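Undergrad: Need a 3D model of the sequence below.
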Amino acid sequence: MFNLIQRGCNKLDVIDLSFACTRGRTQSISDILKSIGLADPSLQVLAQLCKLVSEKLSALNLPGTKGVIYFLPQLLPELPDDENRARLISDLHRLPELLGLYAVPKSPTIYISARAEYDGNVSTLYVRGATNLPYKSLLTIYVYDFVGTGSTTLSVEGTAQVSRDGFFESTVKAAPGRKFFHNMACDVTFMPKYPRQLGSVLAVTGSEGEYLGFPRNPQVEQHSGEYYLTDLIHVP
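TA: Numbers count the residues shown, from 1 in each chain. Predicted coordinates:
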C-alpha cells in the first residue's frame, strides 16, 4: 500500500482497494435477495403471486376474451401498427410463461415423481406424475421387463410434457411384437439435450443438466459429461 502511495496513487483509492481485498466473500444471490427484503418467507409469497398473475394473464389472453392484448390500441395509441407493436404483443403473450418460471415451488432439489398403471391392456400403459421441472419440459418414458443386465425394452419411446401446474401424463405403447404385463419397470427421464428442450427450461436445469443437483440429488445420473434426472418405478 505504501509503495502505491509513493508512486502517486490517490490515498482514498488505495484505502478502497484495501477494503475490497479484505472484506471477505462477494455477495451471493441469496445475499442480494435478502438485501431487498426477499428472503423467506417473502420469496415464497412472491412465487405464489407470480403463479396467480401467470394464471390470470393466461386466462385474459384466451381467444374471445377482452384482455391485455384487446385493449392495447387504447393503452398505447402512440405505438404505430408496425413491427414494434407486433413485438410487444408477442412479449405480452410470453409474459405468463416468464412469470411461471418464478412460480416453481421451493423444494430441496429438482425431482420427478411418477406412477404407472397397468390395467391388463397388453398394448398400452398409462403413466402420470408430478415434477418441479419448468413448464413445457419434455420427458422420455420407456418400459422394461425387469431392471438390470439382460433386460428387454417393451415399449416404443413415450413422451410427456410438463404442464403449467407441474403435472404430466402419457399413454405409452408397446413395441412391435411385445406385450405389457404385471411387475414391469418404467423409466421416466428428463435429459437437457434430448428431446430438444426450450431455452426457458435449460435456464433452470442448465444446458448440461448441471443445475439438477448432482451429486446430492439421488435421482440424477451422469453419462458422457451430461447430467439427467430419472425416476425408475415399479409397475404392479
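
Undergrad: Let me see the contact set for V53.
TA: P96, L99 (Cβ atoms under 8 Å, 6 or more residues apart in numbering). The C-beta positions use only the backbone N, C-alpha and C, and glycine is treated the same way.

Undergrad: what separates it from A203, distance-wise?
TA: Separation of V53 from A203 (Cβ to Cβ, to the nearest Å): 19 Å.

Undergrad: Show me the strands paired with the longest strand seen in the chain, marking each as parallel or antiparallel.
TA: Of all the segments of type strand in the chain, defined by DSSP state E, the longest one is strand 226-235. Here strand 226-235 has these sheet partners by DSSP bridges: strand 184-190 (antiparallel), strand 220-223 (antiparallel).

Undergrad: Please identify the most buried of these.
TA: strand 184-190 (a mean of 22; mean count of other Cβ atoms under 10 Å).

Undergrad: List the contacts of it.
TA: 112, 114, 116, 118, 125, 127, 129, 131, 133, 137-147, 151, 154, 160, 172, 205, 228-235.

Undergrad: Of those, which qualify as buried by neighbour count?
TA: Among the contacts of strand 184-190, those classed as buried by 16 or more other Cβ atoms under 10 Å are 112, 114, 116, 118, 125, 127, 129, 131, 133, 137-144, 154, 160, 172, 205, 228-231, 233, 235.

Undergrad: Narrow the contacts of strand 184-190 to those in strands?
TA: When strands are assigned by DSSP E, the members of these inside them are 112, 114, 116, 125, 127, 129, 131, 138-144, 160, 172, 228-235.

Undergrad: For Y118, give me its contacts.
TA: L125, F180, F181, H182, M184, V235, P236.

Undergrad: Just the pLDDT at it, thanks.
TA: Here the pLDDT value assigned to Y118 is 96.

Undergrad: Since that was my last question, I'll sign off now.
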